[in-house]
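[1] predicted structure and sequence below. I'll ask about it afterward.
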Amino acid sequence: MGEGSSTGAGRGYDVFVSYAHADDDADADEIGWVGELVKRVGTRLRQILGPKPRVYIDTQLTMGQHVPEALLQTIRASRTLLLILSPSYCRSEWCRLELERFLDRGDVSRGSIFVVEAECMPRDEWPPALRDLKSVTLWEKEGDIAHRLDPLLGEKYATEFYLRANRIAHYLAERLKVPDRAPSGSVWIAEPTDDLIVPYEKLVAALEQAGWNVLRTSFHHEEGAYRERLRSHLREARLLVQLLGPYPGRRPDWSAAPYTLLQAEAARMAADARSVRWLRWRPKGTAAPDEPAEYGALLKEREVQQSTIEEFQSEVLRVLRGPEPPAPPPLAPPPPPAPFRGPSIYVHSADVDRALATEVEAWLRDQKMDTMGTPPAHPEEGPASVRARQLESLRVCDGAILVYGMVSRRWVLSQSKLMRKELEMARRAGPIGVLNGPPPKEAMPSIGGPVITLDCSHGLSPAVLQPFMERVRSSAQANGAHA
């Protein structure tokens with residue numbers, strides 16, 4: 001996996017790393033904290049996806065320098081943004097420009113931004129556009145003090161640092177596996193309680209891989225902003241989904257009800273007002289709690305599906321696909337062959353010799369002969385039906401030409417015998433000519449009966465074809481087709 005630097009700016013990358021240089025301070029001969037993280041993420045991505053993914057991390061611009069337009073274009077053209085969030089990031093004008101340029105794409109809610117928390121920061125101090133996004137924390141609290149997970153602080157911190165770097169790489173890999181395309185629509189999934197994070201992330205990944213835009217309404221907003229964001233997501237979504245666990249989970253400071261009940265109430269109103277589906281799930285065997293009574297009642301509602309998350313995931317995707325399309329109507333029978341105005345010849349060929357057959361038909365029509373070519377097969381038509389239509393064309397003609405160009409001798413022999421047998425069964429007189437066309441090849445063996453070899457291996461020959469046409473005209477008179 002290649003890593004870019006400022007010299008490669010101006011083209012898109014799979015992962016663009018946006019960070020404040022203050023978070024990567026290191027001696028000249030050492031790798032900084034951000035550099036170590038990106039190195040580990042890159043290694044794991046290469047192990048998962050192979051050598052293709054490319055990561056861009058700028059290591060040359062310094063604080064206070066002007067951000068070149070080529071670098072901003074690189075951000076906009078990159079598939080994902082790995083954003084290292086910290087107080088330094090929020091204070092940086094450079095980082096603000098990078099984030100704004102990536103947000104200009106309009107797909108922030110499609111899993112294209114991956115937030116890594118380098119420091120413990122309340123969400124209301126985050127840039128507003130990031131507050132609904134999931135994040136991976138690279139800090140831990142000991143008492144009231146939050147420590148950044150730094151491998152230099154010892155084995156305990158190093159182990160956790162590398163485990164979470166692996167998790168970041170897996171999230172990025174899942175996103176990079178999804179082809180970039182316009183989303184099929186939006187699905188709102190209620191924020192889960194902490195015990196349901198794993199099935200929640202599994203469902204989100206499945207939806208994004210299927211091309212759906214997942215709307216998440218983060219808990220971390222003051223009341224007015226939270227309710228407005230929630231209403232906006234519920235208005236946009238084509239489907240509403242909520243995962244329910246045995247416990248109601250957290251509640252905001254501004255409400256006596258937990259977030260799960262606030263989300264359920266808003267989803268119920270949106271589903272009724274907009275006539276959209278609201279799918280709910282709880283793990284199989286989950287008991288409904290007695291307190292709070294409202295949450296226990298929510299879990300006991302008949303519409304709440306109890307199953308494995310894989311079964312519920314299949315149900316969500318089935319609902320989004322919509323009802324199965326009706327079976328296509330049966331093929332209409334082909335129209336009967338149009339009546340011929342003169343002696344007629346059926347020109348039969350394999351697909352590989354269709355161009356030569358077309359040339360033969362054109363020459364015959366110039367000689368005042370009516371022609372019928374091999375009828376094309378319909379996309380859903382079986383071999384038996386195709387064969388029946390070919391034989392019907394043969395039966396109504398006064399003669400036939402079997403084109404032998406690039407097709408195999410075996411095919412020509414089998415087709416000539418079949419055509420001869422069909423004419424005998426129909427008790428219809430008519431010559432069959434095997435036209436040995438270009439390229440020159442070994443002549444066909446004599447088949448006998450009404451089957452005649454027409455040697456046109458160097459091009460259509462009137463001297464060869466004229467006697468055959470006279471036999472067709474005689475056949476037409478014998479069949480009573482013409483006076």
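    Arrived safely, thanks for sending. Numbering: from 1, shown residues only.
[2] I'd like the mean pLDDT over stretch 69-84, please.
    When pLDDT is averaged over stretch 69-84, the result is 86.
[3] can you check stretch 87-97 too?
    Averaged over stretch 87-97, pLDDT sits at 91.
[4] show me how the chain divides into domains.
    The chain breaks down by automatic domain parsing into domains covering 1-180, 181-324, 344-478.
[5] make TSV out of the ones you listed and add mean neighbour count.
    All C-beta atoms are positioned from the backbone trio N, CA, C, and that covers glycine. Converted to TSV, the domains of the chain look like this (neighbours: other Cβ atoms under 10 Å):
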stretch	mean neighbour count
domain 1-180	17
domain 181-324	16
domain 344-478	17
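[6] measure A350 to P128 for me?
    Distance, A350 to P128, by Cβ to Cβ, to the nearest Å: 66 Å.
[7] before we move on, what about A266?
    Taking Cβ to Cβ, one finds A266 at 20 Å from P128.
[8] please apply the same query to A165.
    Separation of A165 from P128 (Cβ to Cβ) stands at 27 Å.
[9] just checking, R216 touches I189?
    Yes - with contact defined as Cβ atoms under 8 Å, R216 reaches I189; the gap is 6.5 Å.
[10] got any residues that touch both of these two?
    Both R216 and I189 are in contact with V204, where contact means Cβ atoms under 8 Å, 6 or more residues apart in numbering.
[11] any chance of the backbone angles for E142?
    In terms of degrees, to the nearest 10, the main-chain angles of E142 are phi -120, psi 100.
[12] look up which residues are beta-bridged to it.
    Applying DSSP bridges to E142 gives these bridge partners: I145.
[13] residues touching T286, list them.
    By Cβ under 8 Å, 6+ apart, the neighbours of T286 are L244, G245, P246, L299, Q306.
[14] that one looks like it's in a strand, true?
    No - judged by DSSP: H, G, I helix; E, B strand; the rest coil, T286 forms no part of a strand; its state is coil.
[15] can you pull out the helices in this structure?
    Using DSSP state H, the helices found in the chain span residues 33-49, 69-77, 87-91, 93-103, 155-176, 197-209, 223-236, 259-274, 293-300, 309-321, 354-366, 383-395, 409-425, 462-478.
[16] for those, give me TSV that also has distance to D14.
    As requested, the helices of the chain are exported to TSV (distance: least, Cβ to Cβ, whole Å):
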stretch	distance to D14
helix 33-49	8
helix 69-77	11
helix 87-91	21
helix 93-103	14
helix 155-176	6
helix 197-209	16
helix 223-236	28
helix 259-274	34
helix 293-300	41
helix 309-321	26
helix 354-366	45
helix 383-395	47
helix 409-425	50
helix 462-478	63
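[17] which stretches of the stretch 151-300 of the chain have low pLDDT?
    181-182, 220-221 (pLDDT under 70).
[18] picking up where we left off before, the helices of the chain: which one's closest to Y56?
    With Cβ to Cβ as the criterion, Y56 lies closest to helix 69-77 of those, at 6.3 Å.
[19] which other helices and strands contact the closest one?
    If contacts are counted by 3 or more Cβ pairs under 8 Å, 6 or more residues apart in numbering; DSSP states H and E, helix 69-77 sits against strand 15-18, helix 93-103.
[20] before we move on, back to that, of all the helices of the chain, which lies closest to D132?
    helix 223-236 (6.9 Å).
[21] distance between that closest one and the chain's centre?
    30 Å (Cα atoms, centre = their mean, to the nearest Å).
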